[in-house]
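# Here's my sequence, what's the structure:
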Amino acid sequence: MLLVGRGIIAALLGALLVSACGDKESGRVDPADHAAFYLWAGVRPGPEVARASELYILDGEVRRNGERLVALHPQAPRLADKRLWLVVRTQTLEWNPAVRSVILRDLAHWAAASPGLQGLQVDFDAATAHLDDYAAFLRELRAVLPPRYRLSITGLMDWSANADPTVLARLKGTVDEVVVQSYQGRTTIPGYERYLERLARVPVPHKVALVEGGAWREPAALRSDPLFRGYVVFLLNPS
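Predicted structure coming up:
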């Protein structure tokens with residue numbers, strides 16, 4: 001009976017271990033394994049937000065006409081215990097001057113409510129062929145940002161593989177970090193491994209954005225990349 005009992009106990013412990021580790025070994029992005037998250041408009045915060053150390057929260061969006069910032073998070077978040085980024089999603093680089101004024105106002109409001117505010121992130125899908133234009137836009141934006149705010153941007157994986165190194169170098173000294181997107185919609189982009197193997201070509205500190213539930217196996221090169229700073233998970237509502 002003692003041998004049978006030990007066998008049952010071993011089986012139960014094995015089942016519990018598989019249950020606890022299954023998400024980590026499944027090749028899928030589990031928010032429980034991470035501490036930094038994107039929180040977009042309309043996404044219901046889960047328990048991972050409460051324990052997060054860093055949040056990127058969408059404040060608003062600049063539409064194609066560039067006329068104004070459409071507010072998507074009207075109240076400044078009060079999160080004293082977290083590092084926080086105010087994110088502006090933009091469809092254009094042709095901003096009305098009033099857009100920058102509104103962003104600066106929002107940054108001041110967020111900083112007053114959340115002392116852990118790091119700065120501004122611009123979320124823009126800059127094609128590799130037009131990265132030089134984007135770098136010029138960012139230099140102008142950096143010039144009007146108060147020095148206490150850091151500047152973050154999202155980036156495409158294609159930059160690491162195909163961007164001109166001299167153009168990539170123009171980001172250095174202007175932006176403080178690049179968060180490279182490895183997904184589109186709810187799905188990880190196929191072939192992400194071969195792009196991220198070359199991420200060290202981006203000469204500023206960089207993170208990789210993952211989508212909740214998306215396929216993921218960490219490329220070995222990331223852990224030896226001296227400028228790699230970890231992951232940010234884009235949270236989703238259940239489908």
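# Phi and psi next, for Q121.
As for Q121, its main-chain torsions (degrees, to the nearest 10) stand at phi -110, psi 130.
# Tell me which residues touch the closest residue to it other than its chain neighbours, please.
Nearest residue to Q121, sequence neighbours excluded (Cβ to Cβ, 6 or more residues apart in numbering): S152, at 3.9 Å. All C-beta atoms are positioned from the backbone trio N, CA, C, and that covers glycine. Neighbouring residues of S152 by Cβ atoms under 8 Å, 6 or more residues apart in numbering: Y56, W85, Q118, G119, L120, Q121, V122, V175, D176, E177, V178, V179.
# Recalculate using a threshold of 7 Å.
For S152, the contacting residues are W85, G119, Q121, V175, D176, E177, V179, by Cβ atoms under 7 Å, 6 or more residues apart in numbering.
# do the same with V144
The neighbours of V144, taking Cβ under 7 Å, 6+ apart as the test, are R100.
# try 10 Å
Contacts of V144 were listed using Cβ atoms under 10 Å, 6 or more residues apart in numbering, and they are P97, R100, S101, I103, L104.
# can you map out the helices along this structure?
2-25, 47-51, 97-113, 131-144, 157-162, 165-169, 192-196, 220-223 (DSSP state H).
# low-confidence ranges in the chain?
Flagging of the chain using pLDDT under 70 yields the residue ranges 1-26.
# how does it look with 80?
Judged by pLDDT under 80, the chain has its weakly predicted residues at 1-26, 239.
# how does this protein divide up, domain by domain?
The record's domain split for the chain, according to automatic domain parsing, is 1-29, 34-234.
# which one of those domains is the most hemmed in?
With neighbours defined as mean count of other Cβ atoms under 10 Å, these peak in mean count at domain 34-234, which reaches a mean of 17.
# how long is it end to end?
Counting by Cα to Cα, to the nearest Å, you get 11 Å between the two ends of domain 34-234.
# same thing with stretch 32-44?
Distance between the boundary residues of stretch 32-44 (Cα to Cα) amounts to 16 Å.
# and if you look at stretch 217-230?
14 Å.
# next one: stretch 178-188
Using Cα to Cα, the end-to-end distance of stretch 178-188 comes out at 18 Å.
# what's the nearest residue to R201 if we skip its chain neighbours?
S160 (5.3 Å).
# now A135
Looking at A135 with Cβ to Cβ, 6+ apart, the closest residue is R170, at 4.2 Å.
# ditto for W216
Nearest residue to W216 in three dimensions, chain neighbours excluded: V29, at 5.0 Å (Cβ to Cβ, 6+ apart).
# L210 is in contact with that neighbour, correct?
Yes: with the criterion set as Cβ atoms under 10 Å, V29 and L210 qualify as a contacting pair; they are 4.5 Å apart.
# Name the residues contacting each of the two.
S182, Y183, T188, W216, Y231, V233, F234.
# between those residues, which is closest to R223?
In terms of Cβ to Cβ, no member of those lies closer to R223 than Y231, at 12.0 Å.
# Is the closest one in contact with V29, as I believe?
Yes: Y231 sits in contact with V29 when judged by Cβ under 10 Å, with a separation of 8.4 Å.
# how much space between R100 and W110?
R100 is 16 Å from W110, where distance means Cβ to Cβ, to the nearest Å.
# Next: Y231.
Here Y231 is placed at a distance of 23 Å from W110 (Cβ to Cβ).
# So what does E212 look like in phi/psi?
Here the main-chain torsion angles of E212 (degrees, to the nearest 10) amount to phi -50, psi 130.
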